[in-house]
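1. Quick check, what structure comes out for this input:
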Amino acid sequence: MFEEAGGGREPTVATGVLLCERCRAYYPIEHETPVLLKFRTGYHDGFEDRYRSGLQELPGYRPPAGDPRPGEMAVQETFTDEWDLLREDELSFMYTHSELIELNSRVWLPWLAELEPDERPRRVLDVGCGAGNETNALNEIVGPDEIFGVDLNFSVMRRRAEYRGRPGMSFAVASLFDLPFEPGSFDLVYSQGVIHHTYSTEHAFRSIARFVAPGGSLFVWVYGLDDHLSPGGASKLSKRANRTAEGALRPLLSRAPRPVRDRMFELLTAAWHPRMRRNERHGERWTRANTNHALRDWLSPPYAHRHGFNEVAGWYEDEGFSIVGIQSAGAYEQLFGRPIWGVGMTGRKPGFAHEGEQTGSSERALRAG
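-> Numbering: from 1, shown residues only. Alright, predicted model coming up:
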């Protein structure tokens with residue numbers, strides 16, 4: 001351990017390492033956030049440079065040396081760049097904190113209100129938490145004993161300061177294909193707008209489904225197959241034009257070197273910002289950084305798969321889940337004045353939630369350095 005964080009609460013490791021004795025690998029911790037990737041990145045090189053003297057006390061330990069999944073390095077880079085733009089901004093994809101509360105409570109997770117107090121999820125996993133805004137909203141809605149936010153991108157390490165050190169709330173950098181938890185250890189696994197940005201949405205779905213406890217729930221939201229053809233909002237012609245532009249620009253921007261990509265998004269932001277600021281509900285607060293973030297989310301990820309309702313329902317059924325909740329199109333339009341896009345669905349795993357002691361987190365399973 002190189003540095004301890006306190007501040008009037010139970011001490012945690014602010015900077016240090018977790019050690020895997022079996023594989024002789026170390027996993028960095030900075031800003032109270034463990035980096036639990038199975039593959040080495042440029043971040044690991046920088047960590048070695050910053051803490052060389054402390055690491056010399058751990059002879060024989062090296063950063064992990066596994067292989068990333070297809071496209072993971074590009075996904076990590078583009079989403080880190082995207083979320084670094086909005087770390088201190090309350091707006092996240094056009095939603096304020098209070099709107100995120102309403103969106104989840106009334107549109108995506110209304111079934112929570114039907115649960116008895118002793119049935120509410122005690123351990124929650126937010127897969128693809130971005131900069132932590134949605135994890136914070138879920139913590140308020142669900143009120144769990146523990147909530148973990150994980151993301152592949154490094155911006156989660158630089159999340160808003162008030163999210164650090166909250167009782168029961170923890171964050172980690174990790175791949176959803178190699179989550180550092182025991183299977184079947186969460187009462188609610190939640191993933192909104194994430195798994196369609198992997199090389200295979202279906203494989204990603206099956207990966208995170210393993211971590212739902214018996215009697216627990218899995219919520220996912222993914223891009224819808226025919227949203228660009230749906231009525232309401234922009235005209236069909238405009239939606240088709242946007243889809244065509246995306247098909248042309250995404251392959252170029254996602255593969256471009258970072259300096260080229262940054263310059264292209266500067267130019268796109270300059271062109272699109274007046275229009276977006278005029279059309280968004282929070283136009284008076286909408287900044288160029290918000291526009292840049294929105295454009296990057298649209299055009300920079302290397303993958304952006306789209307799926308039909310029945311396809312997603314089939315994934316749940318194949319994994320043995322019962323469908324218990326579908327997003328409320330009416331509630332969304334009432335809240336935000338426009339049609340909802342995408343496919344949002346909750347499934348419940350058969351069995352009964354485990355009573356008593358819950359499975360420990362990876363931070364307790366690995367030995368801290």
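
2. going forward, measure contacts and count neighbours with C-alpha atoms only.
-> OK.

3. Whatever helix or strand residue 218 lives in packs against which elements?
-> Using DSSP states H and E, residue 218 sits in strand 212-222. Applying 3 or more Cα pairs under 8 Å, 6 or more residues apart in numbering; DSSP states H and E, one finds that strand 212-222 contacts strand 186-192, strand 343-348.

4. which stretch among these comes nearest residue 240?
-> strand 343-348 (19.3 Å; Cα to Cα).

5. Does anything pack onto that closest one? Which helices or strands?
-> Strand 343-348 is packed against strand 212-222, helix 309-318, strand 322-326, with contacts defined by 3+ Cα pairs under 8 Å, 6+ apart.

6. give me that answer again for 10 Å
-> Secondary-structure packing of strand 343-348 (3 or more Cα pairs under 10 Å, 6 or more residues apart in numbering; DSSP states H and E): strand 186-192, strand 212-222, helix 309-318, strand 322-326.

7. Let's have these in CSV, adding mean neighbour count, mean pLDDT and distance to residue 79.
-> CSV is the format used below for those (neighbours: other Cα atoms under 10 Å; pLDDT from 0 to 100; distance: least, Cα to Cα, whole Å):
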stretch, mean neighbour count, mean pLDDT, distance to residue 79
strand 186-192, 25, 98, 15
strand 212-222, 24, 97, 17
helix 309-318, 15, 97, 24
strand 322-326, 18, 97, 28
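
8. Mind putting the ones you listed into a markdown table with distance to residue 40?
-> Shown next, in a markdown table, are these (distance: least, Cα to Cα, whole Å):
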| stretch | distance to residue 40 |
| --- | --- |
| strand 186-192 | 25 |
| strand 212-222 | 28 |
| helix 309-318 | 32 |
| strand 322-326 | 38 |
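
9. Quick one: closest of these to residue 294.
-> Closest among the helices and strands packed on strand 343-348, using Cα to Cα: strand 186-192, at 15.7 Å.

10. Can you list the neighbours in contact with the next helix or strand after that closest one?
-> Using DSSP H and E, the helix or strand that follows strand 186-192 in sequence is helix 201-209. Contacts with helix 201-209, where a contact means Cα atoms under 10 Å, 6 or more residues apart in numbering, come from 125, 127, 175-179, 183-184, 189-191, 194-198, 217-220, 222, 303-307, 311-312, 315-316, 318-321, 347, 349.

11. same thing but at 7 Å, please
-> Helix 201-209 is contacted from outside by 176-177, 195, 218, using Cα atoms under 7 Å, 6 or more residues apart in numbering.

12. ok and that helix relative to strand 186-192, angle-wise?
-> 150 degrees (axes from the mean of the first three to the mean of the last three Cα atoms, to 10 degrees).

13. any idea of the mean pLDDT for helix 201-209?
-> Helix 201-209 comes out with an average pLDDT of 98.

14. Report the buried residues of that helix.
-> For helix 201-209, burial by neighbour count (16 or more other Cα atoms under 10 Å) applies to 201, 204-205, 207-209.

15. okay, these in a markdown table with distance to residue 146 next?
-> Putting the buried residues of helix 201-209 into a markdown table (distance: Cα to Cα, whole Å) gives the following:
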| residue | distance to residue 146 |
| --- | --- |
| 201 | 27 |
| 204 | 23 |
| 205 | 22 |
| 207 | 21 |
| 208 | 18 |
| 209 | 18 |
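
16. Looking at those, spot the one nearest residue 242.
-> Among these, residue 201 lies closest to residue 242 (Cα to Cα), at 22.4 Å.

17. Pull up the gap between the closest one and residue 261, please.
-> According to Cα to Cα, to the nearest Å, residue 201 stands 25 Å off from residue 261.

18. With residue 176 instead?
-> 26 Å.

19. So for the two, which residue has more residues nearby?
-> residue 176 (20 against 17; other Cα atoms under 10 Å).

20. can you confirm that one is in a helix?
-> No. Assigned with DSSP: H, G, I helix; E, B strand; the rest coil, residue 176 falls outside any helix and is coil.

21. what's it in contact with, if anything?
-> Listed by Cα under 7 Å, 6+ apart, the contact partners of residue 176 are 127, 204, 207-208.

22. List the contacts of the residue nearest the centre of the chain.
-> Using Cα atoms, centre = their mean, the residue of the chain that lies closest to the mean C-alpha position is residue 128, 1.3 Å off. If you count contacts by Cα under 7 Å, 6+ apart, residue 128 has them with 150-151, 191, 194.

23. ok, now with 6 Å
-> Contacts for residue 128 (Cα atoms under 6 Å, 6 or more residues apart in numbering) come out as 150-151, 194.

24. Let's have the residues you listed in a markdown table, adding neighbour count, pLDDT and distance to residue 240.
-> Listed next are these as a markdown table, based on neighbours: other Cα atoms under 10 Å; pLDDT from 0 to 100; distance: Cα to Cα, whole Å:
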| residue | neighbour count | pLDDT | distance to residue 240 |
| --- | --- | --- | --- |
| 150 | 29 | 96 | 34 |
| 151 | 27 | 95 | 31 |
| 194 | 22 | 96 | 23 |
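
25. As CSV, those residues with distance to residue 325 would be great.
-> Shown next, in CSV, are the contacts of residue 128 (distance: Cα to Cα, whole Å):
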residue, distance to residue 325
150, 24
151, 25
194, 19
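
26. quick one, strands of the chain?
-> For the chain, the strands defined by DSSP state E occupy 3-5, 12-20, 25-30, 33-34, 123-127, 146-151, 169-173, 186-192, 212-222, 322-326, 343-348, 367-368.

27. same question for the fifth one, mean pLDDT?
-> Translated: strand 123-127. Strand 123-127 shows a mean pLDDT of 98.

28. Equivalent analysis for the third one, please.
-> Taken as a whole, strand 25-30 carries a mean pLDDT of 95.

29. Which positions in it come out as buried?
-> Buried residues in strand 25-30 (16+ other Cα under 10 Å): 25-30.
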